[in-house]
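[1] for reference, the sequence and a predicted model appear below.
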Amino acid sequence: MNEQLRHSIQLRQIRLYMLGLFIGVVATITVDMRSAEAVPAFARKYDATCNQCHTRQPRLNVYGQQFMENGYQLPGTQDGGTTEKHLLGTPLDGIRLGDINNFMAVRLRGEVLKADFREETEATNDVDIVFPSVINLFFAGTATKNISFFLEGEYAPGEHEGAAFEFERAMLIFSNLAGDSLGYQSLNFKIGSFDPSSMYSFPTHRQQLNPISPDAHTDDFPPEINRIPILPLAFSSKMFGLTNGPESEGGEDFSILPFEPYLFNSPAETGVTIYGRPFGQRFLYQIGATQQETAEDEPDTRWDSYVMLRYDVLQGDYSALQVSGFYYAAPNAARATLNPAGEPIFSTNTLDWNRWGVGVRWQYKYFDVYGTVIWDEIDEPSFDGMASMSEWDTKAMGVSLEADWLVSSKWFVGVRYDFMDPGGLKKLPPALQKEDPIINQKASFIGLIGKYYPTPNIGLYARVHVNLKGSVKLPEALSGGGHGDEEHHGGVQHPARNLKSMFTIGVDMAF
Amino acid sequence: MKTIKHIVQGLAITVICIGLYSPQALAQDLKIKPMSIKIAQYNERPPVNAQTIADGRRIYQRACVQCHGNNGTGKGPVAFFLSRDTGPHPRDFTFEPYKFRSTESGELPLDEDLFRTITRGIVGFMPGFVGLDVPDRWKLVYYIKSLAPEDFEDAQPEPIKWVGTPVLPTAMSVRRGYDLYQSAGCWECHGGGGKGDGEKAPELKDDRNLPLPPADLTMPGSFKAGSRPEDLYRTILSGLDGGAMPSHDRFKDHEEDIWDLVNYIRSLAVSD
């Protein structure tokens, strides 16, 4: 059986599964809409509704933020998750374990996408069924008083071809280490793989408009970008023309995609962090380090460091206001790279990368408004020979703003605006690029989402994203490569501009 | 044939997923919590004074303010996300009546009532704070009382008449309970089968004029005031002030009738 036929059959099978699933979901919701309730793991454990901690799943409200900060213990307590747990062994040397369903939860996402490109690449204007797009399996809770764990396994066939189940986030949290001596919850420690920005006013994780993964190949340079991802652009690397260095060549992490979450705003980085509220309930600090590899010819371990400060300005009548700021330093993080003759040329220096940002979140009654501005700066790259004539921007900036409105108990609408003024490679050497369009083009999207929650743990949604920027073609020297056909002679669409719009319907459920 | 097979497989996945969060699964999952006031908890009760009330305020600011708001007005930033269009909203401690009491309707609650609610929480609405140390829970009680009108701190409310030994749930007792369920009009709100679908159910509202559906008596795990026999006894006799459940003090001199009714309600449960 040839590959194309097999692919066609698989696609048909997936569509039939999808149809069966869709019928099942709709039938169940229709028949039993009244009495269904939400029961993911933490809610099960504490007999609480999902909305105790979420504005609407998956975004955390103020209570959920503090529950997370306190190591998955109720705010104000050091309960160790003792609620409804069973003691195995004798009282003195026994271990406390809850029922498995108090630790375990599953999240399932699937969607149907319809993209509209200015110019089709490997990604086309066809309807694309991605179901499941992501399945997450969580094991989380408190092992004992002030010691918590969180494991999140992910199977994401919508993100990678040949996806396998792997642990995306895995961490241990030690809470309230200073007792009350320095103030309640003044010192907590987290180690493992986690989102460094989880306590920031606009965390990378838990978006109402879930990230839609890119369709790109990053094992080559320049990366072949068939479809950019849909996510808050402020989080993305925002730098064109960078790689993780010669040693990573041929691997998936070779090219640094300008549109993917990076540094402080990564969904998961391995490292350590301490955080706490030493001066009462308003002020939160976080200091951390993540372990990475340098982009040198012979990579070495590098430690990125960051600090985040948050001030909860207001927690009053139906409202909460918080502002945060962070600084993240990544030494020897990247190499500027060119590819004039099919072979990558690397800058002679590795580039330090610094990132800082401010974020604000305001919650009022059933409105939740949040935004962030993030700036990036890299060292000026230096090259030998003709490559030294290339032009580079060392600074970049991105903005993401979102406003969510809980229209009723079951209906939710949100709007997000994203803007990116990228840095990195601006122009190839004059010998390679005579025409004007710069390479690091600005990008801007607006996204609208409507969600229906038949129960608090199931969100059925429709969303649309529209590119606010017009058509721009890449310089001819970059129009071969990934897109690689002669028909593109004269320049292909810039990846930031090629996607005109995307319409998505899907389901996001946790149980 | 293969087409049908794939659709059926998709449906099967759905059924398994739905089964994991179905009301039946929920009913089995929500366990009846133990009664919270124990002798040891009385023994750990600190004195009421300015210091313990101040300590209570400090604990309140960490544990309660997100829902009940500053100064106990029930206007915490999370309040609207908890229940957007229906009751109950987080309680306003400064003037609203207390639902979960073991005193007569219209009376203030006992300290033990507040302690019990803090400890056990309210299923589906408020987590139980059993993880707070016992003295800290008492201090919270003192602080919460200090938020109410002045007379609360010195009030000495009388508990409802209490019967020590429940009537055994025999067939006769359940039958008598059924008759009382009909004659007392419980079915008007809770429905003939106890599923909370009585004819008056859609019109029921709380003191804030928010819709507040009656309890589904077939799912004891969801009873806000608790589902142990003594919890039901207490709720029938004292009602839930501020909500739609009236007190049935016509029973107060007929304790056996209340236990019969309790036995009937417990017989409606789809699971134990």
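    In hand now; what should we look at?
[2] wait, residue B:261 sits on residue B:180?
    Yes: contact criterion C-beta atoms under 8 Å: residue B:261 and residue B:180 qualify, at 4.9 Å. C-beta: built from backbone N, CA, C; applies to glycine.
[3] any residues in contact with both of these two?
    residue B:186 (C-beta atoms under 8 Å, 6 or more residues apart in numbering or on different chains).
[4] tell me which of those two has more neighbours.
    Neighbour tally, residue B:261 and residue B:180, criterion other C-beta atoms under 10 Å in any protein chain shown: the higher count belongs to residue B:261, 26 against 19.
[5] look up phi and psi at the more buried one.
    With angles defined as degrees, to the nearest 10, residue B:261 sits at phi -60, psi -40.
[6] which secondary structure element of the chain has the lowest mean pLDDT?
    Looking at chain A here, since you left the chain open. Here the helix or strand of chain A ranked lowest by mean pLDDT, DSSP states H and E is strand A:86-88, holding a mean of 48.
[7] hmm, no, I was thinking of chain B.
    helix B:23-29 (a mean of 36).
[8] show me what contacts residue B:99?
    B:88, B:91, B:224, B:225, B:240, B:241, B:242, B:243.
[9] so the spatially closest residue to residue B:225 that is not a sequence neighbour, which state does it fall into?
    Counting by C-beta to C-beta, 6 or more residues apart in numbering or on different chains, residue B:235 is the residue found nearest to residue B:225 once chain neighbours are left out, at 4.6 Å. The local conformation at residue B:235, judged by DSSP: H, G, I helix; E, B strand; the rest coil, is helix.
[10] how many neighbours does residue B:235 have?
    25.
[11] contacting residues around it?
    B:223, B:225, B:226, B:245.
[12] pull up the gap between the last one and chain A, please.
    Just to be clear, that refers to residue B:245. Residue B:245 is 19 Å from chain A, where distance means C-beta to the nearest C-beta, to the nearest Å.
[13] that residue and residue B:234 touch, don't they?
    No: with contact defined as C-beta under 8 Å, residue B:245 does not count as touching residue B:234 (11.6 Å).
[14] low-confidence ranges in the stretch 1-150 of chain B?
    The stretch 1-150 of chain B contains residues with pLDDT under 70 at B:1-40.
[15] tell me where the chain has helices.
    Went with chain A since none was named. Taking DSSP state H as the criterion, chain A carries its helices at A:3-31, A:41-46, A:62-69, A:495-498.
[16] was after chain B, sorry
    All helices of chain B, identified by DSSP H, fall at B:2-21, B:23-29, B:39-43, B:50-63, B:65-68, B:79-82, B:111-120, B:134-147, B:151-154, B:171-183, B:186-190, B:229-238, B:255-267.
[17] does residue A:54 touch residue A:62 like I think?
    No: taking contacts as C-beta under 8 Å, residue A:54 lies outside contact range of residue A:62: 10.9 Å.
[18] tally of neighbours for residue A:279?
    The burial count for residue A:279: 12, using other C-beta under 10 Å.
[19] what's the answer for residue A:163, then?
    14.
[20] tell me the pLDDT at it?
    Note on residue A:163: pLDDT of 71.
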